[in-house]
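Q: 3D model of this:
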Amino acid sequence: MLKETGPYDLNKALWLAQLTQLLRSPNAAALCRSFLTQDIGYVVGDSFQPATPTQPAAYVGFNAEISVMVIDGAVNLPLAAGVWNGWRGSLFDSTTDVHNVFLQTLAAQLNTFRYNAVSIPCPLDIVSGFSMGGALAHLLLGYTGTRFWPAKAQAITFGAPRSGGTWQWTDVERARICRYFNDDDFIPLLPPRISYWSSAGITIGDRAVRRFANYAHVKGGTMLGNTGSVIDAELPNVATVPDVVDLSSAFLGYENSLLAPHAITEYGRRLQLAIGRLPVAEIGTHSTAPRENVERHVTRDIRQAEQRSAAVIFNIGERQSEAPQVIPTVRLFKARRLGRVWWVYFGDQQIVAAPRRRRAQGLAAAGNDFLRRLQRQAVVDPAALGNQFAAYLELAADPTSGFSPTLNTSLVAAP
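A: Okay, here's the model as predicted:
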């Protein structure tokens, strides 16, 4: 099927969605090889890359006629945060150019991974990806200059966010692309634009808003409805962007939910519905949307959005300040002496052994001050806060991370 059908065949899309699901299986390499062999007959070689905090899971398989590459999305917070921070850019970046360094770096690494895996030129190359993996698949089309990316390369992706600008997509117009997205999946709306991001979300500053507006989707947009409809469209027509300050946690949550409209299993379900309800001629090919245009706006629009955002945050903060503050005693930090040792408790758990009373009481007081201040803030992202604390503790205990003194997490007898 992969060799005989074009990029706009729904059966082909369903097959690739099912192959992508296997990337998260315990025995992914063997399962992907078996699944691919059933379609192309034989596999000359293949390679599997597991997911880590610095790279997505990916699989490449090939024979003399075809090579297939599938790329998973962000399965952990470092990858999700990397995508979001890549869109926002550095605080010291004075430009509004489209350059998600994080995605571009991953795409270059994946191109090297594929180059090393595929040992022979193939007449047909297919690259597919889910979510962040779809964005990377689109960027990989920019590597058509290598011997592994012919002009007839096909890209079939699912729920991909924007990854580049119109100047980048000019180079890949020759490729055949089908960019599937569910009508209620908000990930393809990222990075968000001022025209449809709610007022409380415009908290990233003038330059980042302008940078977001310069991102645009590659051609090939195809929208899947909940009942199996297939429509050529640039963007989802039902989805809305969550009203949060940092979208990395929301991105990660949607990425890994089995029930969300963004789940790869939901893409498979809707493709199956479409195959069951559409005429045979429409299953084999369908129309797609052209390349998306950038968003045009003026400084006044941005300022007004920022003012609305500031007003919403101020009003929420005022309500938080006016409410009487109560934190149950059992949830506070406490310094307690047990025998000859001073301990710091957080709730009912011992978390720190202090060398003397003053340090134990000082840490407990500082912790409680932090908790009281936190309760007064306008908006708090619990997932991001918890993940950042976990990342801090891990790094602070690593002797190679630059922290001094290194956070001590074990009781070592004094010399």
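
Q: show the contacting residues for A135.
A: Contact partners of A135, counting by Cβ atoms under 8 Å, 6 or more residues apart in numbering, are V83, L103, G129, T157, A160, P161, R162, S163. C-beta coordinates here come from the backbone N, C-alpha and C atoms, glycine included.

Q: distance from the chain centre to the helix or strand harbouring it, please.
A: With secondary structure defined by DSSP states H and E, A135 is part of helix 132-140. A distance of 11 Å separates the centroid of the chain from that of helix 132-140, by Cα atoms, centre = their mean, to the nearest Å.

Q: could the C-alpha coordinates of that helix be exported in CSV?
A: Once side chains and other backbone atoms are set aside, the C-alpha atoms of helix 132-140 remain, and they are given as CSV (Å, rounded to 0.1, in the frame of the first residue of the first chain):
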residue,chain,number,x,y,z
MET,A,132,5.9,17.7,17.6
GLY,A,133,7.0,14.8,15.4
GLY,A,134,4.8,16.2,12.6
ALA,A,135,6.4,19.6,13.0
LEU,A,136,9.8,17.9,12.7
ALA,A,137,8.7,16.0,9.6
HIS,A,138,7.8,19.2,7.9
LEU,A,139,11.2,20.7,8.7
LEU,A,140,12.9,17.6,7.5
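
Q: quick check: mean pLDDT of it?
A: What helix 132-140 shows for mean pLDDT is 93.

Q: equivalent analysis for stretch 61-72, please.
A: Looking at stretch 61-72 alone, the average pLDDT works out to 92.

Q: dump the contacts of A135 to JSON lines, plus secondary structure.
A: Formatted as JSON lines, the entries for those read as follows, by DSSP: H, G, I helix; E, B strand; the rest coil:
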{"residue": "V83", "secondary structure": "helix"}
{"residue": "L103", "secondary structure": "helix"}
{"residue": "G129", "secondary structure": "strand"}
{"residue": "T157", "secondary structure": "strand"}
{"residue": "A160", "secondary structure": "coil"}
{"residue": "P161", "secondary structure": "coil"}
{"residue": "R162", "secondary structure": "coil"}
{"residue": "S163", "secondary structure": "coil"}
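
Q: which two in the residues you listed are spaced the farthest apart?
A: When Cβ to Cβ is used, the two most widely separated members of the contacts of A135 are V83 and T157, lying 14.7 Å apart.

Q: phi, psi for the closest residue to T54 other than its chain neighbours please.
A: Setting aside the residues directly before and after it, T54 is nearest to P78 in space (Cβ to Cβ, 6 or more residues apart in numbering), at 7.0 Å. Backbone dihedrals for P78, given as degrees, to the nearest 10, come out at phi -60, psi -40.

Q: all the strands of the stretch 301-415 of the chain, residue numbers only.
A: With DSSP state E, counting those that start in this stretch as the definition, the stretch 301-415 of the chain shows strands at residue ranges 333-338, 341-346, 349-354.

Q: I am finished for the moment; much appreciated.
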